[in-house]
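Asker: Here's my sequence, what's the structure:
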Amino acid sequence: MQKFFSATIFLLFALCSRSQQLSQITFSGASTLSSLSFSIDQGILIRISEDGKVLEWGSELASERSSNYYAPKLQPYMGRIIYYGTEADTINRGKIRSIGTCVIKYYDAFELEEKRGKVKSIGMVNLDYYTKFENLNFKGKLRLVGSTMLDYYSPFENDAYKGKLKIVGNTPISYYSTFQDKGKIKSIGTVSYDWNPSQFRNQTVGTANTNLYRQNINGITYILR
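Answerer: Alright, predicted model coming up:
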């Protein structure tokens, strides 16, 4: 009987861990990191900024014209939502505490300045940020999402991409430095992007042209807007 309960607890823990994960990374202007989205139960997404602020939560609304196009803004979640009250320190009072069964925690006022008030965990996924002791140029930006490391281009790099997101785990991101496409994403992993003034097409190595702005690369959906 004890083995049965142990196996059940392990299975529930595994399912919970899998249901809460980094699922999307969105760029605005096909250049600037605008949000990271975490999937939780019931198809709900929680979007945060690269400096650890909750931006929005809800579900994606698919277009009737295209099965792979979704409205940029999430549809509101109508389930149970709880906010931190007076039991929290002053820096976190009033912030979102839980969405459905997913609990969100924040770094408190006693943490290093670069972490105070930022999202510390979403469900089972822990988040960490660069401090001035690790990298003064990136302080306050996301460093770890679970076991996934994020890195950024040095401010001493080309003006077209200095400070921009460089690596997500094992996925490198490159940008154009030429005048016409300066700063726009050139490639994410093995997916390369060619641009013209009104639209872009992408080509995945070894496959035909596919969707215009949304690609699943190494388990994360990258969205360019």
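
Asker: Just give me the neighbour total for the nearest residue to Pro72 once chain neighbours are set aside.
Answerer: Take Pro72 and drop its neighbours on the chain: the residue closest to it by C-beta to C-beta, 6 or more residues apart in numbering is Arg225, 6.3 Å away. (Each C-beta comes from the backbone N, C-alpha and C, glycine too.) By other C-beta atoms under 10 Å, the residues close to Arg225 number 13.

Asker: before we move on, what about Tyr83?
Answerer: 12.

Asker: Begin at 35 from now on, thanks
Answerer: Will do, 35 is the new start, and the previous item becomes Tyr117.

Asker: residue contacts, it?
Answerer: Neighbour list for Tyr117: Gly128, Lys129, Ile130, Arg131 [criterion: C-beta atoms under 8 Å, 6 or more residues apart in numbering].

Asker: can I get those residues in TSV with distance to Glu121, neighbour count and pLDDT?
Answerer: As requested, these are exported to TSV (distance: C-beta to C-beta, whole Å; neighbours: other C-beta atoms under 10 Å; pLDDT from 0 to 100):
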residue	distance to Glu121	neighbour count	pLDDT
Gly128	12	11	96
Lys129	12	16	97
Ile130	15	17	97
Arg131	10	18	97
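
Asker: distance of the closest residue to Ala122 other than its chain neighbours from Phe213?
Answerer: Once flanking residues are discounted, Ala122 sits nearest to Lys129: 7.6 Å by C-beta to C-beta, 6+ apart. For Lys129, the distance to Phe213 (C-beta to C-beta, to the nearest Å) stands at 43 Å.

Asker: Am I right that Glu121 is in a helix?
Answerer: No. Inclusion of Glu121 in a helix is not indicated when DSSP: H, G, I helix; E, B strand; the rest coil is applied; the result is coil.

Asker: Touching, Gly151 and Asn126? I think so.
Answerer: Yes. Judged on C-beta atoms under 8 Å, Gly151 makes contact with Asn126 at a distance of 6.2 Å.

Asker: who has more neighbours, the two?
Answerer: Taking other C-beta under 10 Å, Gly151 and Asn126 do not tie; Asn126 has more neighbours (21 against 18).
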